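Peer 1: A predicted structure for the sequence below; I have some questions about it.
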Amino acid sequence: MIRARPLTFEPPEDLVLAFRRMGLTEASQPALLKALPFTRLLLTGLRHQEEAFLQTLPEALPAWLPGDAQARPGTGLLTGRAEQFQRLVTAARADDGGLSALASAVASALAVGVSPAVLTLGARRFEWGSRTYVMGVVNATPDSFSDGGRHAGTEATIAHGLALAEAGADLLDVGGESTRPGALPVSADEELARVLPVIEGLRARTDVPLSVDTTKAAVAREALKAGAHLINDITGFSSDADLPRVVAEAGAACCLMHIQGTPATMQQAPRYDDVVEDVLGFLEAAVARAGAAGIPRGRILVDPGIGFGKTFEHNLFLLRRLHELRVLGLPLLVGTSRKGFLGRLAGGKPASERLAATLGSVASLAALGGADVVRVHDVAESRDALAVADAIRRCEDGGTLYTR
Ligand code: 7PJ
């Protein structure tokens, strides 16, 4: 599988700001944007035919730096201006010797600055790129039930969901199966008994779209009937072969997450040669399963699965290189809230004392332009942190010389 990943991610608006400061007209900008940017793509998975093509690129195309042919065959770095990359894509497409995979990989990498299409869930519109959206976590697992038994637990869980909606959640994620490291699976019947009353209760009392954290088609089918809008599968459609069809038939959306192993075993010995590449490969396969079942691309989100079969360093590296997942052209959802790596960074704090560390993580993600949705327990606090990070990232008034 050929993969092209951008090494740096600069918001295209930044160059436009420089043009404005220089007094260049709006009309001249599209041509300049094509001619100026310097792009660097890391390529992997190349076969001999693509390597042969890249080794003989003329001047008008990007420059090629091959990786070590013995140690890392099929790798290299392409550098050049946007228009040189465009010519490369055109030339690779025109070649009938099978360079179309190279053409699409490079084209996807060049499109990383383009926001995915708007997603409508129930009464809400998600305009990707406009801000970082917030998914609030609603746990319907027994450890979150009070002493009053299941009914009292359900009422408390619904009340918690409504409070998160009130605090500004854009989406609520209801989960009835614990996926913590070492957690054991529950039956579909038990999971349904936990989540269904919560979904029904929330659906009747808020228009905030509802997501259901499940890997099971039987649970998804009933949850979608009860008014849920999105299925959040932490196994990226790899557990239940019927799940993609259930989502497609309901016209629902889905979030496909990367996991290595299963919750019971995933933290025993996570291992990757290149964690970003493995996550990309897994997510591509998950998206293909969704597509094969008839789920439109515009209704799919992807998630690197922070903490799911990853070491401390894997988690940090994925967050740092998150922009590389943008080559998928899909909105990115990221869940760091109260996770173990944050506790360790904060000097060994338990989950209940990880709020500040969580806010540090969501604000960093937003400032880096990494995530489209963050999945958090603390909605009000996260909205404030994101408002700051999003505003810094998008501010354009640098004085009158920057205005049009
Ligand atoms: C995630 C999730 C996540 C998505 C959980 C926890 C563990 N779903 N479900 N992404 N985490 N999409 O909240 O600590 O990161 S459960």
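Peer 2: Arrived safely.
Peer 1: Only C-alpha atoms from now on, for both contacts and neighbour counts.
Peer 2: Fine.
Peer 1: Next to the ligand in this structure, residues from the protein, please.
Peer 2: Residues of the chain found near the ligand (CA under 6 Å from any ligand atom) are 179-180, 232, 234, 257, 303, 305-306, 334-335, 339.
Peer 1: Show me which of those residues is closest to Arg205.
Peer 2: Nearest to Arg205 among those, counting by CA to CA, is Asn232 at 21.6 Å.
Peer 1: Any figure for the gap between the residue in the stretch 201-350 of the chain that the ligand sits nearest to and Val373?
Peer 2: Proximity of the stretch 201-350 of the chain to the ligand (CA to the nearest ligand atom) peaks at Gly335, 3.4 Å away. Distance, Gly335 to Val373, using CA to CA, to the nearest Å: 9 Å.
Peer 1: And those two? Which one has more around it.
Peer 2: Higher neighbour count among Gly335 and Val373: Val373, with 25 against 22, using other CA atoms under 10 Å.
Peer 1: That one contacts Leu333, correct?
Peer 2: Yes - with contacts defined as CA atoms under 8 Å, Val373 counts as touching Leu333 at a distance of 4.5 Å.
Peer 1: returning to what we had before: just the residues of the chain next to the ligand: which has the poorest pLDDT?
Peer 2: Checking pLDDT across the residues of the chain next to the ligand, the minimum falls on Arg180 at 79.
Peer 1: What is the neighbour count of that residue?
Peer 2: Neighbour tally, Arg180, other CA under 10 Å: 14.
Peer 1: May I have the secondary structure class of it?
Peer 2: What DSSP: H, G, I helix; E, B strand; the rest coil gives for Arg180 is coil.
Peer 1: Same question for Arg5.
Peer 2: Applying three-state DSSP: Arg5 is strand.
Peer 1: hang on, it packs against Gly45?
Peer 2: No - using CA under 8 Å, Arg5 and Gly45 do not qualify as a contacting pair, with a distance of 11.6 Å.
Peer 1: Please report the distance of Phe53 from the ligand.
Peer 2: Separation of Phe53 from the ligand (CA to the nearest ligand atom, to the nearest Å): 39 Å.
Peer 1: in the host helix or strand of that residue, what's buried?
Peer 2: Using DSSP states H and E, Phe53 sits within helix 48-55. Within helix 48-55, the residues scored as buried using 16 or more other CA atoms under 10 Å are 50-51, 54.
Peer 1: gap between the next helix or strand after that helix and the chain center?
Peer 2: Once helix 48-55 ends, the next helix or strand along the chain (criterion: DSSP H and E) is strand 63-66. Distance of strand 63-66 from the chain centroid (CA atoms, centre = their mean, to the nearest Å) equals 30 Å.
Peer 1: Of Arg5 and Gly45, which one has the most company?
Peer 2: Neighbour count, other CA under 10 Å: between Arg5 and Gly45, Arg5 has more, with 25 against 16.
Peer 1: how near is that one to Gly74?
Peer 2: Arg5 is 14 Å from Gly74, by CA to CA.
Peer 1: Centre of the chain to the helix or strand containing Ala159, how far?
Peer 2: If you go by DSSP H and E, Ala159 is part of helix 149-166. Computed by CA atoms, centre = their mean, the separation of helix 149-166 from the middle of its chain amounts to 28 Å.
Peer 1: helices and strands around the helix holding Phe53, which ones?
Peer 2: Here helix 48-55 touches strand 63-66, going by 3 or more CA pairs under 8 Å, 6 or more residues apart in numbering; DSSP states H and E.
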